[in-house]
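Participant: Build the 3D model from these lines:
(one chain, ligands or ions: 1)
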Amino acid sequence: MASAVGLDVPIGPDTYHMGPGTLRISRKALHGKLRSRLLERLRAAIPEEKRGLVFLEGGKTKHLYSSDGEPLFRQEAYMHYVFGVQEEDCYGAMCVKTGRTVLFMPRLPDSYAVWMGHLKTPDEFRSKYGVDAVHYVDEMPATLAELKPACLHVLFGVNSDSGLTVAPPPPPVEGIPLETETLFDVITECRVFKTPEEIEIIRYANRIGSAGHVAMMRACRPGIMEYKLESTFLHHCYSEGGSRCALYTPIAASGPNAAILHYGHACAPNDRQLSAGELALLDCGCEYYLYGSDITTTWPVDGKFTPQQRAVYDAVLAAHRDVKAAMKPGVAWTMLEADIGALFMPHGLGHFLGINTHDVGGYPPGGPPRSTRPGYRSLRTARVLQPGMVITVEPGCYFNPSLLKPALEDPAKSRFLVREAVEAHLGMGGVRLEDNVVVTEGGAESLTHVPRTVEEVEAVMAGGTWEA
Ligand SMILES: [Mn+2]
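Facilitator: Take a look at the predicted model:
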């Protein structure tokens, strides 16, 4: 459906975009289609007499501790998926029988307009989101009661990546039971299979994010700070792509830091100076309309691989290519992991990608369970690949002293390790190469387009052209 998402779809009251050259998304068409798919699955799972209302609670206004400062609001992922609502403190409902949709928005005092600008009316909200009706939250109990639903289907389940519980909302009205058994698993499963429109958004986030990686490669010089690369990426994605936020905290690691899987956090804020002769590992994702890209590139700070760096890099690149080439519907993700040692790659080979960086649905009820074996247990899914899944392919090879030093002293492990070779690599950090791949009917397509071969990387760093 080319008219829902694209660079030149007509702009209407329900269109999300960030100005000239950015992706245009018809909220009504995108979420309308996601909702009808959800309805189909809900009707298959729920007997007629139990088909009440889907009821979702959106994200809430948050304050920074006791201050009146608020971090930039990011909508709760399930609410965004079903309704695409940008504002905080909203609720949404959809009738499982008829598909009719209602949003509930907070009633703000008129004086708020001084601080926030024009306060949208329910009518404006209705055309922005293409739903059937909009009411204020204070009208919600009466509106829901009037609809006399059999029950409210609410979210309740555990996110298999974080282990955290998605708790049901407090009952919004007395006398209508909450039903917690069905909705979470059904929506989660819907989110695993991206529609062509969702794939177009992820493709756009990949195009902007890929170009952001190239911008970092071009900005890199010995002597600069890691955060200069991070800021180059963020600036590129926002100024060129309208991507206001990164999908996750950028990892801009140099030298030994490349072995630290989630480097860049608040206690290690990409604050090391880069030196010639080192590798830089950049794991940075762009976000657009809350959908993202999650791309990793690794390159020499001075633009030329040393023979040692090249050997490790080429090995990881070969794994990266082999995995991508093997991907097609029917292939089990666990098979792809088979020969990679957890000592050198202590993370999973990849994860679903969508509204969340580690997108939901990796371990659904009735699906293959999480393995307990080292390496395998880090896999964020054990599922068989099917068309519409978007998954990252991110093999890596790291020389992490906190894993390798104990292993060298452990007779069970050290007999497989060449001590001198391991020790010679301990300072180099590591290499990770990460693409975002959509499984298609016939195979798989990478949405990421960054320099990958040693020759491509060196050419771009020497000023060569690259079309992301
Ligand atoms: Mn990733």
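Participant: Only C-alpha atoms from now on, for both contacts and neighbour counts.
Facilitator: OK.
Participant: can you point me to the longest helix in the protein?
Facilitator: Criterion DSSP state H: the longest helix present in the chain is helix 196-219.
Participant: could you give the angle of the following helix or strand past it to helix 196-219?
Facilitator: Sequence order places helix 226-241 as the next helix or strand after helix 196-219, per DSSP states H and E. Helix 226-241 and helix 196-219 are oriented at 130 degrees to each other (axes from the mean of the first three to the mean of the last three CA atoms, to 10 degrees).
Participant: which secondary structure elements does helix 226-241 contact?
Facilitator: Judged by 3 or more CA pairs under 8 Å, 6 or more residues apart in numbering; DSSP states H and E, the packing partners of helix 226-241 are helix 196-219, strand 251-254.
Participant: Now the last one: average pLDDT?
Facilitator: Mean pLDDT, taken over the full extent of strand 251-254, equals 98.
Participant: before we move on, back to that, could you identify which of the helices and strands packed on helix 226-241 is most buried?
Facilitator: Mean neighbour count, computed with mean count of other CA atoms under 10 Å, is highest for strand 251-254 among those, reaching a mean of 30.
Participant: circling back to that earlier point, remind me what the longest helix of the chain packs against, helices and strands.
Facilitator: Counting by 3+ CA pairs under 8 Å, 6+ apart, helix 196-219 packs on strand 5-6, helix 226-241, strand 279-284, strand 287-288, strand 291-292, strand 295-300, helix 454-461.
Participant: Swap in 7 Å and give it another go.
Facilitator: Under the contact criterion of 3 or more CA pairs under 7 Å, 6 or more residues apart in numbering; DSSP states H and E, helix 196-219 touches helix 226-241, strand 291-292.
Participant: Ok, which of those comes nearest residue 31?
Facilitator: Among those, the nearest to residue 31 by CA to CA is strand 291-292 (13.4 Å).
Participant: What strands flank the closest one, and is each parallel or antiparallel?
Facilitator: strand 287-288 (antiparallel) (DSSP bridges).
Participant: pLDDT below threshold where in the stretch 201-350 of the chain?
Facilitator: Low-confidence segments of the stretch 201-350 of the chain (pLDDT under 70): 336-340.
Participant: ok, the one residue sitting closest to the centre of the chain to residue 287 distance?
Facilitator: The centroid of the chain falls nearest to residue 357 when counting by CA atoms, centre = their mean (2.4 Å). Using CA to CA, to the nearest Å, residue 357 is found at 10 Å from residue 287.
Participant: got the residue ranges for the helices in the stretch 251-400 of the chain?
Facilitator: Assigned helices in the stretch 251-400 of the chain, in chain order: 307-326 (criterion: DSSP state H, counting those that start in this stretch).
Participant: Quick check, pLDDT for the residue lying farthest from the centre of the chain.
Facilitator: What lies farthest from the middle of the chain is residue 411; by CA atoms, centre = their mean that is 39.9 Å. For residue 411, the pLDDT comes out at 90.
Participant: try residue 373
Facilitator: 81.
Participant: what helix or strand does residue 75 sit in?
Facilitator: Using DSSP H and E, no helix or strand contains residue 75.
Participant: Test my guess that it contacts residue 59.
Facilitator: Yes: counting by CA atoms under 7 Å, residue 75 does reach residue 59; the two are 5.4 Å apart.
Participant: Which residues are in contact with each of these two?
Facilitator: The contact sets of residue 75 and residue 59 overlap at residue 88 (CA atoms under 7 Å, 6 or more residues apart in numbering).
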